[in-house]
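*Asks:* Take this sequence and fold it.
(4 chains)
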2 protein chains.
Amino acid sequence: MDPQQELADLLKALGEYNRLSLVYRLCTCSAPQNAMCLCDCCSVDASVTSRHLKVLADEGVVEVEKKGRERIYSLNRKDVANKLRTLAAQIEGPQAN
Amino acid sequence: MDPQQELADLLKALGEYNRLSLVYRLCTCSAPQNAMCLCDCCSVDASVTSRHLKVLADEGVVEVEKKGRERIYSLNRKDVANKLRTLAAQIEGPQAN
DNA sequence: GACATATTTGCACAAATTAGCAAATATACG
DNA sequence: CGTATATTTGCTAATTTGTGCAAATATGTC
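*Replies:* Here you go, the predicted model:
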C-alpha cells in the first residue's frame, strides 16, 4: 500500500483519545496487559476497548498474544517509535539546529 | 486543555491523507507556499484545501502569514518534530538500545 | 455438562468527518 | 469603479467513526 497512506493510518489510529490512552497505559506498564486490564484506563464498554485494540493491532502499534481465554497486548515500541522519529526528521528538515 | 487530548488532536490532524500530503509538501519546499500552490498536491477543491490548512493551523502544525490576498503557509518544524519525538521516547520506554 | 470469565461480533444510532459547489469576502490592478 | 485572483464560508450529501447493548464465541473451572 501507499506508504503515505500507511503513515496516515498509523497517525489516525494514535489520534483518538481512548486509543492514545491505551497506548500510554501500555507505555508505562512494564508487563504486557490483557484487554480487561487495559479496559480500566478508558471509561468505555469492553467491546469498545476490544475494537480500539483491534485498530491498534491492525496498524501494528500493538502485538497480541493469546493466553488461555485472555489476549495479552504489548507495544511494538521500537517500530512505532522509529516511524514517529522518521516523520519528525522529515518535518524538521535538513537543518537540525 | 488536557495535554493528552491535545496530542491526540495533533495526531488526528496529521492522520488524514490529504493533510499529510500538505505537510509533506511543506516539508520539501524550502520556501513557504500559498494555499493555491499547496492545493496542487492534493486533488481536491480549493475550499477543501483551505479547510485542511485551517485544521493544521489550529493544531499549530503550520503558521500562516497574510500577504496581500494570499496566505503564506510554513511548517512549525521544530515544534511538531519535538512533539513527535517526545511521544516516540515515551513509547520506546526507558531502555534506548 | 453447567457455569464463570474474557473477548468478539452484530446491530443500531448519533456525531463527526470529508468533499464539492456556489456564493461571499478580501485584495490587487486596470 | 469594474474585474480578476485568492481564500473562506454556507449548505448539503455521503461516508466513517465511536459507542453501547445484547448475543455469540472461546476458554477455564467445578
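
*Asks:* so how far is DNA strand D from A:V23?
*Replies:* 13 Å (CB to the nearest atom of the strand, to the nearest Å). Every residue, glycine included, has its C-beta placed from N, CA and C.

*Asks:* what's that residue in contact with, if anything?
*Replies:* Applying CB atoms under 8 Å, 6 or more residues apart in numbering or on different chains, we find A:V23 in contact with A:L14, A:L56, A:V61, A:V62, A:L75, B:I91.

*Asks:* so the third one makes contact with A:L14?
*Replies:* It refers to A:V61. Yes: if you go by CB atoms under 8 Å, A:V61 and A:L14 touch, sitting 6.9 Å apart.

*Asks:* Skip the chain neighbours and tell me the closest residue to the residue nearest in space to the middle of chain A.
*Replies:* Of all residues in chain A, the one closest to the mean position by CA atoms, centre = their mean is A:V61, 3.7 Å from it. Distance criterion CB to CB, 6 or more residues apart in numbering or on different chains; nearest residue to A:V61, sequence neighbours excluded, is A:V80 at 5.6 Å.

*Asks:* residues near the one you found, how many?
*Replies:* 23 (other CB atoms under 10 Å in any protein chain shown).

*Asks:* pretty sure it belongs to a helix, no?
*Replies:* Yes: counting by DSSP: H, G, I helix; E, B strand; the rest coil, A:V80 is found in a helix.

*Asks:* Correct me if wrong: it contacts B:A89.
*Replies:* No: counting by CB under 8 Å, A:V80 does not reach B:A89; the two are 11.4 Å apart.

*Asks:* Any residue of stretch A:12-27 touching DNA strand C?
*Replies:* No: Stretch A:12-27 stays clear of DNA strand C (CB under 7 Å from any atom of the strand), getting no nearer than 7.8 Å.

*Asks:* Does anything pack onto the helix or strand encompassing A:L84? Which helices or strands?
*Replies:* Following DSSP states H and E, the helix or strand that holds A:L84 is helix A:77-92. Secondary-structure packing of helix A:77-92 (3 or more CB pairs under 8 Å, 6 or more residues apart in numbering or on different chains; DSSP states H and E): helix A:3-14, helix B:17-28, helix B:77-92.

*Asks:* Let me know the next secondary structure element after the second one.
*Replies:* Just to be clear, that refers to helix B:17-28. With DSSP H and E, the next secondary element past helix B:17-28 is strand B:33-34.

*Asks:* Is there contact, residue-wise, from that following strand to DNA strand D?
*Replies:* Yes: with CB under 7 Å from any atom of the strand as the criterion, DNA strand D is reached by strand B:33-34 at B:N34.

*Asks:* right, is the helix or strand just after that strand up against DNA strand D?
*Replies:* Later in the chain than strand B:33-34, the nearest helix or strand by DSSP H and E is helix B:35-39. Yes: counting by CB under 7 Å from any atom of the strand, DNA strand D has neighbours in helix B:35-39: B:A35, B:M36, B:C39.

*Asks:* can I get the helices and strands packed on helix A:77-92 in CSV with distance to B:S47 and mean pLDDT?
*Replies:* What follows is the helices and strands packed on helix A:77-92, written out as CSV (distance: least, CB to CB, whole Å; pLDDT from 0 to 100):
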stretch, distance to B:S47, mean pLDDT
helix A:3-14, 21, 98
helix B:17-28, 13, 95
helix B:77-92, 25, 98
